[in-house]
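Trainee: Pasted the sequence and its predicted model underneath.
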Amino acid sequence: MQKPLLAVLLASAFCSLNASAADLIQVYQQALANDATFASARASAAAGRERINQGRAGLLPTVGITGSMIKNDREDSPWNEGAVVGRDPVTGVETRVLGGGSNLRTSQWSLALTQPLFRWANWETYQQSKLQQAVAEAQFAQAQQDLITRVAQAYFDVLAAQDKLESTRAQKTAVTEQLASAKRNFEVGTQTITDTHEAQAAYDLVIAQEFAAVNDLDNKRNALQAIIGTEPATLAPLKSGITLNAPSPANVDPWVSSAENQNYGVTVSQLQVELAKREISRTRAGHYPTLDLVAGRTRTQVHGQAAASGIGTNNSIGVQYSVPIFSGFSVTSRVRETIALEDKARNDLEANRRQAALLARQSYLGVNSGMAQVKALEAAEVSSQSALESNKLGYQVGVRINIDVLNAQRQLYQTRTDLSRARYDTILNGLRLKAAAGSLRESDLAAVNNLLEK
């Protein structure tokens, strides 16, 4: 009764482990919600969407109200102010009475409106704001593609580290068995101490490799955790015997052409060139006159003992112009500066085009060479397995020595590790190829997710 119960418990635990395994899409959704780099890009895009509103403001009227309330108390001096009521006929000294004072309260408000009629710099600023918003959107799209590739890279790095650790532990188990066999054969006198030493050296080496593999797996999981914000769950592995598809189209030229024209980095550079052109025109506007429509209304109310007490209102409307004559050559210097910056933007555009084309070629070659490498390693795995079995049989009948078996084991497990890494790299290069061409979408990640165990 114990064995069936144990089998049920183990099967239940295995099913529970598989049920809790996270696939690539689930990890990507976690990254969308928690990745700080992507959150920064999202906030930057939201800020960039306000550029048009800010640029348009320079073309719209500005209206403002100013006002004041002032209280003025004045007391007249009896010797300097007031009316003369008498004069001494002998001395001539005048006698005055207090002339009084004033208690004035003045309130005033003004409403002013200014509507630009011709301000070329403001118009160019508005056109630049459209380009700046387009830059923000292109940069956000680039951040979305980067998140897809970063998540996929981190995900498959963890799988590769797991494969390496599993292969190392399987190799340790095999080497342990070989070491025990060598010791038994030495004790019965059928083998020399050399076989034991070779097996012990192989065992010590695989122990060191296991420590390194454990550390590498921890590092890869930590790298994934930095993206998704939480400790990653068990990850779904690739299905066994999957078939990787070649790039479509199968020619590199369409990919390169798409990268040179649709890559988001190239798009940003193209917009930067247009911005630089507009900046030249905006700077030259420093030589141009400006013309505004101005209108205003002022109301003044005075209370107190003064002849001017009362309410006064003034309305005005007209045009106001300004003509720059000389500014110390500052505008001319800024124009030369913006022309140089436009030349820089053009060269940056060309550099980004070449870099995008290079990435497309490298990724395309990476996919094709990866598929060929996977096919070769699959054949090598079969051959290595056969070689190991032959060496084990030869060791048992005495035609092979212990080191032959150890080398065959090492070759088999290394081939398996290289095969899994080649599969991951081929998939990643396919994603990088589409990213270089500016066509990477979440649906491409879903297609990769279909290659995982459910």
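Mentor: Thanks, I have it. The structure displayed is predicted, hence computed values, not measured ones.
Trainee: can you give me the offset of stretch 275-290 from its chain's centre?
Mentor: With C-alpha atoms, centre = their mean, to the nearest Å as the basis, the distance from the averaged C-alpha position of stretch 275-290 to the chain average is 32 Å.
Trainee: buried set for it?
Mentor: Along stretch 275-290, the positions that meet the burial threshold by neighbour count (16 or more other C-beta atoms under 10 Å) are 275-285, 290. Heads up, the C-betas are built off the backbone N, CA and C, glycines and all.
Trainee: Could you do stretch 36-49 as well?
Mentor: Of all the residues in stretch 36-49, those buried under the rule 16+ other C-beta under 10 Å are 38, 41, 45, 48.
Trainee: Next, count neighbours for the closest residue to the last one other than its chain neighbours.
Mentor: When the adjacent residues along the chain are set aside, residue 48 lies closest to residue 136, with 2.3 Å between them (C-beta to C-beta, 6 or more residues apart in numbering). Other residues lying near residue 136 total 21 when counted by other C-beta atoms under 10 Å.
Trainee: try residue 274
Mentor: The burial count assigned to residue 274 is 17, neighbours taken as other C-beta under 10 Å.
Trainee: tell me which element it is part of?
Mentor: Residue 274 is part of helix 264-284, with elements assigned from DSSP states H and E.
Trainee: Pick out the most distant pair among the buried residues of stretch 275-290.
Mentor: Among the buried residues of stretch 275-290, the pair separated by the greatest distance (C-beta to C-beta) is 276 and 290, at 23.6 Å.
Trainee: Can you show me the strands along the stretch 51-200 of the chain?
Mentor: In the stretch 51-200 of the chain, the segments counted as strands under DSSP state E, counting those that start in this stretch are 62-75, 84-87, 94-96, 101-118.
Trainee: mind listing the helices in the protein by residue range?
Mentor: 2-20, 24-34, 36-48, 51-57, 120-188, 193-228, 252-262, 264-284, 330-397, 402-436, 442-449 (DSSP state H).
Trainee: Just send those helices back as a markdown table, with mean pLDDT too.
Mentor: Shown next, in a markdown table, are these (pLDDT from 0 to 100):
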| stretch | mean pLDDT |
| --- | --- |
| helix 2-20 | 42 |
| helix 24-34 | 94 |
| helix 36-48 | 95 |
| helix 51-57 | 94 |
| helix 120-188 | 91 |
| helix 193-228 | 90 |
| helix 252-262 | 94 |
| helix 264-284 | 96 |
| helix 330-397 | 93 |
| helix 402-436 | 90 |
| helix 442-449 | 92 |
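Trainee: So which of the ones you listed is nearest residue 300?
Mentor: Among the helices of the chain, the nearest to residue 300 by C-beta to C-beta is helix 51-57 (31.1 Å).
Trainee: what's the distance between the helix holding residue 274 and the middle of its chain?
Mentor: 21 Å.
Trainee: oh, and call the first residue 18 from now on, that's how I've got it
Mentor: Done: numbering now begins at 18, and the last item shifts to helix 281-301.
Trainee: Point out the other elements, helices or strands, that that helix touches.
Mentor: Counting by 3 or more C-beta pairs under 8 Å, 6 or more residues apart in numbering; DSSP states H and E, the packing neighbours recorded for helix 281-301 are helix 137-205, helix 347-414.
Trainee: returning to what we had before: quick one, which of the strands of the stretch 68-217 of the chain gets closest to residue 399.
Mentor: Taking C-beta to C-beta as the criterion, residue 399 comes closest to strand 118-135 out of the strands of the stretch 68-217 of the chain, the separation being 78.1 Å.
Trainee: Name the surrounding residues that touch stretch 74-81.
Mentor: Among residues not part of stretch 74-81, those counted as contacts by C-beta atoms under 8 Å, 6 or more residues apart in numbering are 128-133, 136, 139-140, 142-143.
Trainee: Just the buried residues of it, please?
Mentor: Counting neighbours by 16+ other C-beta under 10 Å, the buried set in stretch 74-81 is residue 75.
Trainee: What separates the first and last residues of that stretch, distance-wise?
Mentor: Length of stretch 74-81, first residue to last, C-alpha to C-alpha, to the nearest Å: 15 Å.
Trainee: next one: stretch 239-254
Mentor: The first and final residues of stretch 239-254 sit 18 Å from each other (C-alpha to C-alpha).
Trainee: Buried ones among the contacts of stretch 74-81?
Mentor: Buried residues within these, defined by neighbour count using 16+ other C-beta under 10 Å: 133, 136, 139-140, 142-143.
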